Each structure stands twice: as structure tokens, then as C-alpha cells.
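S.K.: okay, predicted coordinates and the sequence, questions at the end:
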Amino acid sequence: MYERLLEMECSVGYDAFRRYVHKHWPDFAKTPYWVRLETPPGQLSQLDWKESLKVQLGRPGRYVKVEMLVLNPGFYEAYRGLIRV
């Protein structure tokens with residue numbers, strides 16, 4: 001909806017738009033929905049980043065914090081999946 005307002009050359013900021021929606025439709029933000037993504041091979045990759053992940057290393061009770069980057073390249077097959085918005 002916000003992108004549509006921008007296309008109509010409306011000058012409202014995103015935060016003001018979000019506050020307006022939460023005020024007038026409080027259940028809107030509480031209802032999660034999923035968007036289906038389907039792309040041909042080579043058109044989409046997914047990247048996930050996690051900071052301060054606690055991982056057990058070696059003996060029980062010995063933990064270290066690590067940073068993790070996971071890249072799922074999309075070149076090997078078409079991607080079909082759902083993302084939560």
C-alpha cells in the first residue's frame with residue numbers, strides 16, 4: 001500500500017504511514033501473511049546473517065560466540081518457497 005502511495009506522488013513518510021495503519025487497523029500488523037516466491041534458475045539467492053550465535057565447542061559447557069553468514073545460491077534449481085512478511 002505504501003508503494004502505491006509513492007507511485008501516486010504522495011509525500012507521506014513510511015513511519016507516519018505505519019502509525020496511521022496501526023491506529024486505524026490494529027489487527028492488520030498482528031496477522032502474519034506469506035508471499036510465495038517462484039523464480040527461474042539463477043534469478044534469486046538467499047542470504048542470512050546471525051550475530052553472536054552461541055555454539056558449543058569441544059567439551060560440554062564450553063561455548064563460543066560466532067558470527068555466521070549463510071548464502072543459498074539460486075543457480076542450481078528454480079526456487080519455490082514462502083517468505084513471511
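M.R.: Everything's here; your move. Numbers count the residues shown, from 1 in each chain.

S.K.: after the helix or strand where Phe17 lies comes which helix or strand?
M.R.: Assigned by DSSP states H and E, Phe17 falls within helix 14-24. Toward the C-terminus, helix 14-24 is succeeded by strand 34-39 as the next helix or strand (DSSP H and E).

S.K.: what helices or strands is the helix or strand just after that following strand leaning on?
M.R.: Moving toward the C-terminus from strand 34-39, the next helix or strand (DSSP H and E) is strand 46-56. With contacts defined as 3 or more Cβ pairs under 8 Å, 6 or more residues apart in numbering; DSSP states H and E, strand 46-56 has these neighbours: strand 63-72. For every residue, glycine as well, the C-beta is placed using N, CA and C.

S.K.: so what's the gap between the strand it packs on and the chain middle?
M.R.: 18 Å (Cα atoms, centre = their mean, to the nearest Å).

S.K.: buried set for that strand?
M.R.: For strand 63-72, burial by neighbour count (16 or more other Cβ atoms under 10 Å) applies to no residue.

S.K.: neighbouring contacts of it?
M.R.: Contacts with strand 63-72, where a contact means Cβ atoms under 8 Å, 6 or more residues apart in numbering, come from 45-57.

S.K.: what pLDDT does Arg80 get?
M.R.: Per-residue confidence (pLDDT) for Arg80: 54.

S.K.: tell me the secondary structure at the spatially most distant residue from the centre of the chain.
M.R.: Most distant residue from the mean C-alpha position of the chain: Arg59, 34.9 Å away (Cα atoms, centre = their mean). Put simply, Arg59 is coil when judged by DSSP: H, G, I helix; E, B strand; the rest coil.

S.K.: relative to Ser11, how far out is it?
M.R.: Using Cβ to Cβ, to the nearest Å, Arg59 is found at 60 Å from Ser11.
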